[in-house]
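**Student:** Predicted structure and sequence below. I'll ask about it afterward.
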Amino acid sequence: MEIKILGAGCPKCKTLEKVTREVVEQNGIDASITKVEDIMEIMKFGVMTTPALVVNEKVEIKGRVPSADEIKQVLTK
């Protein structure tokens, strides 16, 4: 599984990255996590509000920081 955290480095973006890494680690999910901060790269996903969570090139959550449970649901579906 390939996970991308889209965001320029704001506090919400950092929180999403931290919580996502914790969920992956705690649940033994086999995934690589990449932080994407380049605005042109972020816009390729059609995301205008960050942070965003992208799983296998599909935008799953954008514009907010979801709960750990919500991230877990997205990653294990």
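**Tutor:** Perfect, I can see it now.
**Student:** give the contact list for the nearest residue to residue 62 once chain neighbours are set aside.
**Tutor:** What sits nearest to residue 62 in space, not counting adjacent residues and going by Cβ to Cβ, 6 or more residues apart in numbering, is residue 52, at 3.9 Å. C-beta coordinates here come from the backbone N, C-alpha and C atoms, glycine included. By Cβ atoms under 8 Å, 6 or more residues apart in numbering, the residues touching residue 52 are 5, 6, 7, 42, 45, 59, 61, 62, 63.
**Student:** Can you list phi and psi of residue 52 for me?
**Tutor:** phi -140, psi 150 (degrees, to the nearest 10).
**Student:** pLDDT score assigned to it?
**Tutor:** The confidence metric pLDDT takes the value 97 at residue 52.
**Student:** cool, residue 77 as well?
**Tutor:** 84.
**Student:** now it: how far from residue 8?
**Tutor:** Distance, residue 77 to residue 8, by Cβ to Cβ, to the nearest Å: 28 Å.
**Student:** quick one: which of those two has more around it?
**Tutor:** residue 8 (12 against 7; other Cβ atoms under 10 Å).
**Student:** who are the neighbours in contact with the residue sitting nearest the centre point of the chain?
**Tutor:** Centroid-nearest residue in the chain: residue 53, 2.7 Å away (criterion: Cα atoms, centre = their mean). Residue 53 is in contact with 3-6, 16, 20, 59-62, 66, 71, 74, counting by Cβ under 8 Å, 6+ apart.
**Student:** Could I get the full set of helices for this structure?
**Tutor:** In the chain, the helices defined using DSSP state H lie at 11-26, 39-44, 68-76.
**Student:** okay, those helices in TSV with distance to residue 33 and mean neighbour count next?
**Tutor:** Below are those laid out as TSV (distance: least, Cβ to Cβ, whole Å; neighbours: other Cβ atoms under 10 Å):
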stretch	distance to residue 33	mean neighbour count
helix 11-26	6	16
helix 39-44	15	12
helix 68-76	11	15
